[in-house]
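**Q** this is the structure alone, sequence omitted:
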């Protein structure tokens, strides 16, 4: 197969001009004509906003700012990377941290410097061949059309025997996403009969987990780790399982090991911090929040929770004075940070303000109420998406600062948003108990829960009596006000699906439905009802919908 | 200037050396790229071409030496990791050929790479590729007319063999090669470091209780040297 890159849109990301010239020369000698260069991760992300690239060659080490892994992570997260785009990471001598980070975010390939043209060529030929074998499957997976992905894998194995393992791996992913652990386990066992292939071992553990066999799953995750102590996904699954089993100290330990083995992955530091925080190990929590904050400067996964958590943890570990100092520093940093040149400074997230207010309240500082009121204003301008703990913290501070009505409104909203989540309801009741308002709280909670149940019932009743549009209007309004409410999201999706089925195909309805399914999947991707709705929607779209709807 | 205690110097030297080696590797990388770019410009069968190829060979040699040095540094700090994946050996040999063929044939050596049967290996692709590339780059100096690489499955191991028709390994190397190192043989320029690196890395490949190994003998072409990597 003669390699010709003339129809490929290519992006080269490297901070050294020398290297960009070399790579450009190599690619041009392979026929490339459409080459864009970026000299930093930030430039690269801007280029992604302008163009859809088929092939990206990205140096891992980009000097200041984001590194190659963070660029890849963010490009994927923002959805600006086509599922069939090829990403080749270029690395200098492989230090462990770097290899770990790169391997975790699985680019299509990585090349170790010095780059040799002949090697680049055979590598590209191979990747393009592999892509043609798995491309259709990856598109189906991206659309969450798992039935189709499975069927495509079966076709592929016959057609491309050399990529059998890649296809089997994808098939197992699709089966697990479809919650078909028996079929997934069978494939994994087959692969493991020949060799201890790491992904198969991990996937078998996940299948056992879905089958409800926690002990067996844990044994398999441990085996995966003991065979390859850098198998990071195995640590994540192990920690998740330990948490589910109520072994929160063990889960913290597992996350701690993983975070120190692969210290560049922000989300693991965040999980570790949250876990340690919940376990009352404030020193570990503070350290992990600090690391998350440092990595967050260049990551799309930075979150206010890290700053807030740090203040909390320091307050618990070292006392209010130290925490106040941290809070003031964080406010200062945040005010100084600019997103991009030309844009104004980001507002200080209200949660950092609240963290300050909380400490001032504890110190009986006369300025406390004013700071809490500032935080409240921030919350009120956009209550959607506020995490549960933040809502409860804010309500507590409002009560303490004498803002009773405001506190009630916050709690009412919280309970309505999560009316079917026993853990949230218990946390809400706890706050009222703590403030000696037990009965009052129970009343508020019952009232708020009933309000949502009524809306849901009314929606279902309207739908059953054929008034689909009225049901949709009611439920959509509720879903927009309470974006975290799983029941409402599932119901609005269900009714939209009914409408799509009952009436001639409408792109608009399909688009709306797709949006609600996406939102639901962000809350609970494994939800059985969601998986069923997704599969029915994919079926319907394949039969009736134009291709455009799906992309 | 202030005096520094011996202790402090000893601690820092390794790190300073390691970061210098990184820097040198970068430079060698640019140098290699330039040499490659020039190679495509000079006519075949010219003296200039021979010179450019000799330059490439030596630059590669330095690159591999630096790779081994860094490896040594990582062994000492237990930071060397092996990350095995399933490797299609046919494809692996294609890449190996792409890297080595032009340089070896330009010196008039016949080069071949053969995968005997459809072999699927399970090893750290980059590290093993590095070891084989380094070995092949050495045959540039020693082989008479022929170099051959093969891959096959033997006793449950994936075995790579590099054979040439040179003078073969000397008795000293055959006896204890790679187990001790540090003494430079100025006649061959060998420090033994490459072999040591190969042994350490191969041994780190352990599968179901069986470690990998390096076998050296003179079962090469017409009694030339043969290096084998046995990967479980």
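**A** Okay, I see it. All values reported here derive from a predicted model rather than from experimental measurement.

**Q** report the buried residues of the worst-scoring helix or strand of chain B on mean pLDDT.
**A** Here the helix or strand of chain B ranked lowest by mean pLDDT, DSSP states H and E is helix B:171-176, holding a mean of 76. Residues residue B:173 are the ones in helix B:171-176 that count as buried (16 or more other C-beta atoms under 10 Å in any protein chain shown). Every residue, glycine included, has its C-beta placed from N, CA and C.

**Q** for residue 127, the count of nearby residues, please.
**A** Reading this off chain A. 16 (other C-beta atoms under 10 Å in any protein chain shown).

**Q** you looked at the wrong chain, it should be chain B
**A** Applying other C-beta under 10 Å, we find 24 residues neighbouring residue B:127.

**Q** which strands or helices does the least confident helix or strand of chain B pack on?
**A** If you count contacts as 3 or more C-beta pairs under 8 Å, 6 or more residues apart in numbering or on different chains; DSSP states H and E, helix B:171-176 packs onto strand B:213-217.

**Q** wait, doesn't residue A:498 sit right on residue A:462?
**A** No. The criterion here is C-beta atoms under 8 Å, and residue A:498 misses it with residue A:462 at 11.1 Å.

**Q** which one's more surrounded, those two?
**A** residue A:462 (19 against 16).

**Q** on the three-state scheme, that one is what?
**A** helix (DSSP: H, G, I helix; E, B strand; the rest coil).

**Q** tell me the spatial nearest neighbour of it, not counting adjacent residues.
**A** residue A:471 (3.8 Å; C-beta to C-beta, 6 or more residues apart in numbering or on different chains).

**Q** quick one, phi psi at the one you found?
**A** Main-chain torsions, residue A:471, degrees, to the nearest 10: phi -60, psi -40.

**Q** so how far is chain A from the closest residue to residue B:106 other than its chain neighbours?
**A** Nearest residue to residue B:106, sequence neighbours excluded (C-beta to C-beta, 6+ apart): residue B:53, at 4.8 Å. Taking C-beta to the nearest C-beta, to the nearest Å as the measure, residue B:53 falls 14 Å from chain A.

**Q** residues in contact with residue B:53?
**A** Contacts for residue B:53 (C-beta atoms under 8 Å, 6 or more residues apart in numbering or on different chains) come out as B:39, B:103, B:106, B:107.

**Q** quick one: name whatever helix or strand follows the least confident helix or strand of chain B.
**A** Later in the chain than helix B:171-176, the nearest helix or strand by DSSP states H and E is helix B:193-204.

**Q** so what's the model's average confidence on the lengthiest helix in chain B?
**A** Criterion DSSP state H: the longest helix present in chain B is helix B:6-39. Averaged across helix B:6-39, pLDDT comes to 79.

**Q** now that helix, how far from the centre of its chain.
**A** 18 Å (C-alpha atoms, centre = their mean, to the nearest Å).

**Q** and stretch A:297-313, by the same measure?
**A** Relative to the chain's own centre, stretch A:297-313 is displaced by 15 Å; criterion: C-alpha atoms, centre = their mean.

**Q** same thing with stretch B:29-48?
**A** 22 Å.

**Q** quick one: end-to-end distance for that stretch.
**A** 21 Å (C-alpha to C-alpha, to the nearest Å).

**Q** residue in the stretch 451-551 of chain A nearest to chain B?
**A** residue A:525 (27.1 Å; C-beta to the nearest C-beta).

**Q** centroid residue for chain B?
**A** The residue lying closest to the centre of chain B (C-alpha atoms, centre = their mean) is residue B:134, at 2.2 Å.

**Q** for it, which non-adjacent residue is closest in space?
**A** Counting by C-beta to C-beta, 6+ apart, residue B:134 lies nearest to residue B:64, which is 3.9 Å off, once chain neighbours are set aside.

**Q** for the one you found, the count of nearby residues, please.
**A** Residue B:64 has 21 nearby residues by other C-beta under 10 Å.

**Q** circling back: next, the buried residues of the longest helix of chain B.
**A** B:18, B:21, B:25-26, B:28-33, B:35-37, B:39.

**Q** okay, now the unreliable bits of the chain?
**A** Just going to use chain A. Scanning chain A for pLDDT under 70 picks out the ranges A:1, A:93-103, A:334-347, A:546-551.

**Q** oops, wrong one, chain B.
**A** Applying pLDDT under 70 to chain B flags residues B:1-12, B:176-191.
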